[in-house]
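Peer 1: got a predicted structure plus its sequence, pasted below:
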Amino acid sequence: MKTIVLGYDKTDAADRALERTVALAKAFGSRVVVTSVAPVLVPAGRGIGPIDPVDSPDMHAEELAHARQKLEAAGLTATYVNALGDPAGTIVEVADQEDADLIVVGTREPGLLDRLIGGSVSASVSRQAHRDVLIVH
Amino acid sequence: MKLIVVGVDGSPVSWRALDRAAELAKLAGSKLVVTSSVPVLIGEPFTGEPGEELTEARQRLQAHGLDAELVEAIGDPAEVIAALAERRDADLIVVGTREPSLVERLIGGSVSESVQRKANRDVLIVH
């Protein structure tokens, strides 16, 4: 397992996913790439751009800084990718670019509505990726 | 990681999942539980004896120098794997997946996705 891509967003599940990534990277001597994806909205009406003000790229840069602190505390150096786009699709794209052997993402319990509209990022990643995916609860 | 549950069905991707589980079990010193389930039983009564898939799984694990507990089951594979993982308090579930077709996606026919929804545990989905 040479390369692991971690999708990170500072939720409890993402922190657990980070811990799992650390354990696996140490065991296998893998390179770690961490990405945090700011979602892009469909522009709606006047004055509302594609950037979600409550989930902005700046906040994702902060999340990456947080992940960096945790990984460095664990003695790991990693590559950090601050990305913009559809979260699941972008994580898969980063994994493709890095030719990752494994994608690690956290998941929360999806609500009924999330399931119906297919809103779970982790499920969407595992559908789109042609790679192994570890989903951490 | 004390216990890993692996679901196998005799497909090539399920053997890849078993290999991944074996690698992880070796690294972490985990115990392995391998399960295979028949969705519906026709004819012979259910004996609980390991079937063809589980016998092959045991041989494959022996090549890794590993032993495993084999659990033959009846029922919906996703339910069986999730329930077994809950019962045994597994740290990780490993399952293989193939690319689901459009129809399968619409009717939610992917076992790996269904496992992920039903189980409140970490799931490694192997492609």
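Peer 2: Now that the structure is in, tell me what you want to look at.
Peer 1: lowest average confidence, helix or strand, in chain A?
Peer 2: helix A:112-117 (a mean of 64; mean pLDDT, DSSP states H and E).
Peer 1: centre of the chain to the helix ranked longest in chain B, how far?
Peer 2: Secondary structure of chain B per DSSP state H: the longest helix is helix B:12-28. Taking Cα atoms, centre = their mean, to the nearest Å, one finds helix B:12-28 lying 11 Å from the centre of the chain it belongs to.
Peer 1: is it in proximity to chain A?
Peer 2: Yes: applying Cβ under 8 Å from any Cβ of the partner chain, one finds helix B:12-28 touching chain A at B:20, B:27-28. No exception for glycine: its C-beta is placed from N, CA and C like everyone else's.
Peer 1: most neighbours of all those, which one?
Peer 2: The residue in those with the most neighbours, by other Cβ atoms under 10 Å in any protein chain shown, is B:R20 (20 neighbours).
Peer 1: what's across from the closest residue in space to that residue that isn't next to it in sequence in the sheet?
Peer 2: Leaving aside its sequence neighbours, B:R20 sits nearest to B:V126 (Cβ to Cβ, 6 or more residues apart in numbering or on different chains; 5.3 Å). When bridges are called by DSSP bridges, B:V126 pairs up with B:G96.
Peer 1: show me the helices in the chain, by range?
Peer 2: In the absence of a named chain, this looks at chain A. Going by DSSP H, chain A shows helices at A:12-28, A:57-73, A:87-98, A:112-117, A:121-128.
Peer 1: hmm, I had chain B in mind actually
Peer 2: Using DSSP H, helices in chain B cover B:12-28, B:52-63, B:77-87, B:102-107, B:111-118.
Peer 1: hmm, back to that, distance to B:S36 and mean neighbour count for the helices of chain A - can I get that in TSV?
Peer 2: What follows is the helices of chain A, written out as TSV (distance: least, Cβ to Cβ, whole Å; neighbours: other Cβ atoms under 10 Å in any protein chain shown):
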stretch	distance to B:S36	mean neighbour count
helix A:12-28	26	19
helix A:57-73	38	16
helix A:87-98	30	21
helix A:112-117	27	10
helix A:121-128	22	23
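Peer 1: mean pLDDT lowest where, among these?
Peer 2: Out of the helices of chain A, helix A:112-117 stands lowest, with a mean of 64 (criterion: mean pLDDT).
Peer 1: quick one: pLDDT of the closest residue to B:A78 other than its chain neighbours?
Peer 2: Excluding the flanking residues, the one nearest B:A78 by Cβ to Cβ, 6+ apart is B:S114, at 3.6 Å. pLDDT for B:S114: 83.
Peer 1: re earlier: can you give me the buried ones in the longest helix of chain B?
Peer 2: B:13-15, B:17-22, B:24-25, B:28 (16 or more other Cβ atoms under 10 Å in any protein chain shown).
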